[in-house]
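S.K.: With the input below, show me the fold.
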Amino acid sequence: MHSAKNQALDISPKYSNRFRRRRRLTRLGRGVAAVAIGVLLFYVVVGYLGSATMFGDHSRWRGMNRGPAELGLRSETVSFDSMDGIPLKAWWLPTSGVPRGAVIVAHGIEDTRQVMLPRAAFLVHGGYDVLTPDLRCHGESGGRVASPGLLEARDILGALRYIRSRANGEPVAVLGLSYGGVASLIASAESSEIVAVISDGAFLTGKDVSEDVSRHFLHDPKTNFLARVPFLMAFVPGMTRATALVYCFRSGVSLGPDLLSVIPSASRIRVPVLLISGEKDWIVPTDRARQILSVIPDDRKELVVIPNAAHDTTYSEAPTLYANAVLNFLAKSIIKRNGPRPD
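M.R.: Numbers count the residues shown, from 1 in each chain. Next comes the predicted model:
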């Protein structure tokens, strides 16, 4: 009895130590799991916040307070569907006489078709019919999911189909601003019916825009400490991928790890391309335009840099330079292809 009791006392410390080790491992495993869950939740929240503006109905994207008549343009408000069925509204702005061609003019994000009226005016006066749509989720058009230009390319292709439905057979070019410029490049790669594309302020990737904008404000001495925090977040590894994954989960549309790259589309364009960039554009620096230009295989490509212009002031900063560059480009790209315009 005494020997058995001593043996039990000798064995129990072994089981006690093993139990303590097991408890330590269990606590460590729970700690690792908690950290992993915390990191996952962090990226989910960041991805949700990063993609939030692309969903829903935003009143600031809807306001309209001017029309074609203010610029002396004849107009017709027309309706048609995007290639994926989103109802769109647009102005059809006809030129006088026989048109040289038609130009689809696409606005930037958080704007409406009215912001493109000055560009539309010089095109109409230059002999082109113009169609200015509100891209999805903007102005009077439908839709509750936007993108950095991928879905909006379907809007441009819907606009092209509408022009074809008018049965006038004129050649069609596209002029897009910012994400409308990205959409124009993507649409031009998808359709052989677009004969020329003008892309003003198109970005290389969504990731580049996020980092370039964040870099600008981080280097700006006017940005206070608290305001710097969200801009620093743009450089945390995996942030862009998290935003892309959450966007894909919510929309069913994959933008890729860089939040949409225009390079694959630009490398497939087989028509003349004019890129326009503002010399002082810190949202999409001119170097990004040069990178896009370098992958376009067609040798009929040009880059015009507008002196002193920011991202959204390329036209207002130098309207004559801008208009001449666009009209000269269209003359080379469309008129020579189709012969001189009858007078």
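S.K.: Which secondary structure state does the closest residue to D200 other than its chain neighbours sit in?
M.R.: Leaving aside its sequence neighbours, D200 sits nearest to I276 (CB to CB, 6 or more residues apart in numbering; 4.1 Å). Glycine gets a C-beta too; all of them are placed from N, C-alpha and C. Here I276 is recorded as strand under DSSP: H, G, I helix; E, B strand; the rest coil.
S.K.: and I276, what are its bridge partners?
M.R.: Judged by DSSP bridges, the bridge partners of I276 are D200, V304.
S.K.: got the contact list for it?
M.R.: Neighbour list for I276: I198, S199, D200, G201, A289, L303, V304, V305, I306, T314, Y322, A325 [criterion: CB atoms under 8 Å, 6 or more residues apart in numbering].
S.K.: hmm, try it at 7 Å
M.R.: Residues in contact with I276, defined by CB atoms under 7 Å, 6 or more residues apart in numbering, are I198, D200, G201, V304, I306, T314.
S.K.: So the fourth one is in contact with A325, correct?
M.R.: Yes. With contact defined as CB atoms under 7 Å, V304 counts as touching A325 (4.6 Å).
S.K.: Out of the contacts of I276, who's the most crowded?
M.R.: Neighbour counts for those (other CB atoms under 10 Å) peak at D200, which has 30 neighbours.
S.K.: Surely that residue is in contact with T314?
M.R.: Yes. Assessed by CB under 7 Å, D200 is found in contact with T314 at 5.7 Å.
S.K.: what about the helices in the stretch 51-200 of the chain?
M.R.: Here the stretch 51-200 of the chain has its helices, by DSSP state H, counting those that start in this stretch, at 117-125, 150-165, 179-190.
S.K.: Give the rounded mean pLDDT of the shortest one.
M.R.: In other words, helix 117-125. For helix 117-125, the mean pLDDT works out to 97.
S.K.: Other residues contacting that helix?
M.R.: Residues contacting helix 117-125 (CB under 7 Å, 6+ apart): 66, 68, 71, 73, 93, 95, 103, 105, 130, 132, 175, 315, 323.
S.K.: just to revisit the earlier point, include distance to A187 and pLDDT when you put the contacts of I276 into JSON lines, please.
M.R.: Shown next, in JSON lines, are the contacts of I276 (distance: CB to CB, whole Å; pLDDT from 0 to 100):
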{"residue": "I198", "distance to A187": "12", "pLDDT": "98"}
{"residue": "D200", "distance to A187": "15", "pLDDT": "98"}
{"residue": "G201", "distance to A187": "16", "pLDDT": "96"}
{"residue": "V304", "distance to A187": "21", "pLDDT": "98"}
{"residue": "I306", "distance to A187": "24", "pLDDT": "98"}
{"residue": "T314", "distance to A187": "20", "pLDDT": "97"}
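S.K.: Show me the two of these that sit farthest apart.
M.R.: The distance between the two most remote of the contacts of I276 (CB to CB) is 13.0 Å, for I198 and I306.
S.K.: List the residues that contact the spatially most central residue of the chain.
M.R.: By CA atoms, centre = their mean, the mean C-alpha position of the chain lies nearest to P148, the distance being 2.5 Å. P148 makes contact with Y179, V182, G206, L255, L259, L260 under the criterion CB under 7 Å, 6+ apart.
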